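Visitor: my questions are about this predicted structure, shown below with the sequence.
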Amino acid sequence: MITRAAMRTASLIGVPTDIGASARGASMGPEALRVAGLREAIQRRGMQVVDCGNLAGPANPCLPRHGGYRHLAEVAAWNRSLHDAVYAQLDAGRLPIVLGGDHSLGIGSVSAVARYCRQHGRKLRVLWLDAHSDFNTADISPSGNLHGMPVACLCGFGPPELVNIGGVTPAIRPDWLRLVGIRSVDDGEARFVFQQGLEVFDMRRIDEIGVRASMEQALAGLDGQTHLHVSFDVDFLDPQIAPGVGTTVQGGPSYREAQLCMEMIADTGRLASLDIVELNPALDIRNQTATLAVELVESLLGKATLPQRASVDARAAAGMRRWGAAEQRAGWPSRARAAR
């Protein structure tokens, strides 16, 4: 009797809020991703998909900064709900995919992943694909917008309402993080990033050593006991190809560079949870940014133009061995002997 391997299941968790952002519109991101065919793209990768619908939470009150933060109570409420939703899907053996929403949601999703990894004895690597380092605090943030603070909060630098969501403070250690695509950092934030020793692949470093070397370094050390979480802020991409974000920064990865990033992540086989955040349909052009995000997610899940080179080389070597054996049976001189 032939038994089939269980089909992997992805769970879509919509979080329709722009509560932590400066610009309105990211609350429409989850539906834009659905319209762009995210479910169908995942299914093409041979996975089952469960759409858990959208979480509910406080409306955006559009209030000014208070006590160093904008909308702290509301951001905390959304992130507590997201933490519980992501943890439940991980506990069910599924791959949670968070459809944001602004990037303050990374606090809830990553804290849930960290909690799950602690309880199951797994190592955690967080790949933060973003134009911004998101390492501000109330003391150094020029705006008080919490979508600029999730990495700091996850590392224990933030208000108790956010740093304690996962039950352990800090939720993660700085050395578990790799920040890729960074090109916009506030002055005080830059000093803080340096002090904490974050591993940052900013665009200068990527320009100098290339996307391939950058991603090899960012992914180095992953093994079978590593849970890889990717937090994909759509403003990671260059705005010429992805205009539908609220905080565009020129000079980001091109289409092919972004595809290479995603394909190299897929090659590790370690992806276990994913955020897609900061998509703002109000600023997009005919949903092109959502469509691009869906294409990149499909690559992240294993879509490739051709099989991996290692597999091709192995098949080619096997073919040459079979061809050589046929030569010997036919009494032909091999190419090696003829070359001598």
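Guide: Cool, got the structure. Numbering: from 1, shown residues only.

Visitor: what's next to the helix or strand that contains residue 74, contact-wise?
Guide: Per DSSP states H and E, residue 74 falls inside helix 72-91. Applying CB atoms under 8 Å, 6 or more residues apart in numbering, the contact partners of helix 72-91 are 11, 13, 15, 17, 19-20, 52, 55-61, 66, 69, 95-96, 98, 101, 104-105, 107-109, 111-113, 115-116, 146, 159, 161-162, 165-166, 272-273. The C-beta positions use only the backbone N, C-alpha and C, and glycine is treated the same way.

Visitor: just the CA atoms of it, as CSV, please.
Guide: Extracted C-alpha coordinates of helix 72-91, given in CSV (Å, rounded to 0.1, in the frame of the first residue of the first chain):
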residue,chain,number,x,y,z
LEU,A,72,-0.5,52.5,22.1
ALA,A,73,-3.6,50.9,23.6
GLU,A,74,-5.1,50.1,20.2
VAL,A,75,-1.9,48.7,18.8
ALA,A,76,-1.5,46.5,21.9
ALA,A,77,-5.1,45.2,21.4
TRP,A,78,-4.5,44.2,17.8
ASN,A,79,-1.2,42.5,18.6
ARG,A,80,-2.6,40.5,21.5
SER,A,81,-5.3,39.1,19.1
LEU,A,82,-2.7,38.4,16.4
HIS,A,83,-0.4,36.7,18.9
ASP,A,84,-3.2,34.3,19.9
ALA,A,85,-4.2,33.6,16.3
VAL,A,86,-0.7,32.9,15.0
TYR,A,87,0.1,30.7,18.0
ALA,A,88,-3.1,28.7,17.4
GLN,A,89,-2.2,28.0,13.8
LEU,A,90,1.4,27.0,14.7
ASP,A,91,0.1,24.7,17.4
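
Visitor: how far out from the middle of the chain is it?
Guide: Its chain's C-alpha centre and that of helix 72-91 lie 17 Å apart, by CA atoms, centre = their mean, to the nearest Å.

Visitor: what's the answer for stretch 97-112, then?
Guide: In terms of CA atoms, centre = their mean, the centre of stretch 97-112 is set 10 Å apart from its chain centre.

Visitor: please apply the same query to stretch 124-143.
Guide: Relative to its chain's centre, stretch 124-143 lies at 14 Å (CA atoms, centre = their mean).

Visitor: quick check: end-to-end length of that stretch?
Guide: Stretch 124-143 has its terminal residues 31 Å apart, counting by CA to CA, to the nearest Å.

Visitor: which parts of it are buried?
Guide: 124-138, 140-141 (16 or more other CB atoms under 10 Å).

Visitor: average pLDDT across that stretch?
Guide: For stretch 124-143, the per-residue pLDDT values average out at 97.

Visitor: can you check stretch 267-287 too?
Guide: Mean pLDDT, stretch 267-287: 98.

Visitor: buried residues in the host helix or strand of residue 295?
Guide: Using DSSP H and E, residue 295 sits in helix 288-300. The neighbour-count check on helix 288-300 (16+ other CB under 10 Å) flags 289-300 as buried.

Visitor: likewise for stretch 39-58?
Guide: For stretch 39-58, a neighbour-count test (16+ other CB under 10 Å) marks 39, 41-42, 45, 47, 49, 51-52, 54-55, 57 as buried.

Visitor: among the residues you listed, which two are most distant?
Guide: Across those, the longest distance by CB to CB is 30.1 Å; it joins 45 and 57.

Visitor: circling back: off-centre distance for the helix holding residue 295?
Guide: With CA atoms, centre = their mean, you get 12 Å for helix 288-300.

Visitor: just stretch 41-53 next, same as before
Guide: 17 Å.
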